[in-house]
Every structure is written in C-alpha cells, then in structure tokens.
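Participant: I'll drop the sequence and a predicted model, then ask my questions.
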Amino acid sequence: MPKNRPPSQRQLKAGELIRRALADILAREHLRDPDLKGVSVTISEVRASPDLKHAIVYAAPLGTEHDPDVVIKALQRCGSFLRGRLGREMEMKSTPRLRFMKDESFNTAEDMARLLQDPHIQQDLD
C-alpha cells in the first residue's frame, strides 16, 4: 500500500476532536512550565496516525513576544500531562501520544501576502 495516502475520515475527525479538546485544556489549565507562563497557544491542526495511537499537534504562540521554538519544547515537556487530561475529556479507546510541532502556516501566509504586495507581482496580476 502507498504510504502517501490522504488521511481517512476517521483520522480527520479524530484530529479535529483532539484539536478542540487540547485548545480547551490549554485555555483552562495553568501549566506549571515557566516557558508557558502567560503564553496563549493556538492549536491550528492535529494529524492523527491511521491507528490513532499518535498525533502530531501543530501549535504556535499567539503574538510575537514568545519564541515559538521555546514554546513547542515546553509543550512537549507537558505532553504527558496534556495526554492525561485529554484522556479524561475524550471518549476514545486509547489516548494518542502527542508530538508538538511548530506551526509554520502563519509565516507562510505572511510571506504570501508580502509577495502579493510586491510591485512586480502586482503588474503580473493586473
């Protein structure tokens, strides 16, 4: 079977449920990690593995005053705690292991907007 299959409906649904639950947990809980004090984190996407035992969580701090790499490492350190909370919130056979990754989509969107404002690109669009 090819490895580059698109995610199944089951994976997509599980990923969205995990994303919503994690966003709620992060909004409610006061995590003890000093690198997460006063940081608002956005969870943009969760990709669940086909067996739903692992999930990649794409996250980023809101605003520019916090280093995304530091925040992602702090979230990874809190991964077991977050997984435990997730297990209490969701009705799944097993709670997936969480791996946090830096969400680059906001940077990509900013780069695209900047490119579209370029005079050379504007003349091609007109």
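Facilitator: All right, it came through fine. Numbering: from 1, shown residues only.

Participant: List the buried residues for whichever strand or helix holds residue 76?
Facilitator: Per DSSP states H and E: residue 76 is located in helix 68-77. Neighbour counts over helix 68-77 (16 or more other C-beta atoms under 10 Å) mark 68, 71, 72, 74, 75, 76 as buried. To be clear about C-beta, it is placed using only N, CA and C from the backbone, and glycine gets the same treatment.

Participant: min pLDDT across the residues you listed, which one?
Facilitator: Across the buried residues of helix 68-77, the bottom pLDDT score, 91, is held by residue 68.

Participant: Which residue, neighbours along the chain excluded, lies closest to it?
Facilitator: In space, and not counting its chain neighbours, residue 68 is closest to residue 102: 5.0 Å by C-beta to C-beta, 6 or more residues apart in numbering.

Participant: The one you found contacts residue 70, doesn't it?
Facilitator: No: checked against C-beta atoms under 8 Å, the pair residue 102 and residue 70 is beyond contact range at 10.3 Å.

Participant: lowest-confidence helix or strand of this structure?
Facilitator: helix 105-117 (a mean of 66; mean pLDDT, DSSP states H and E).
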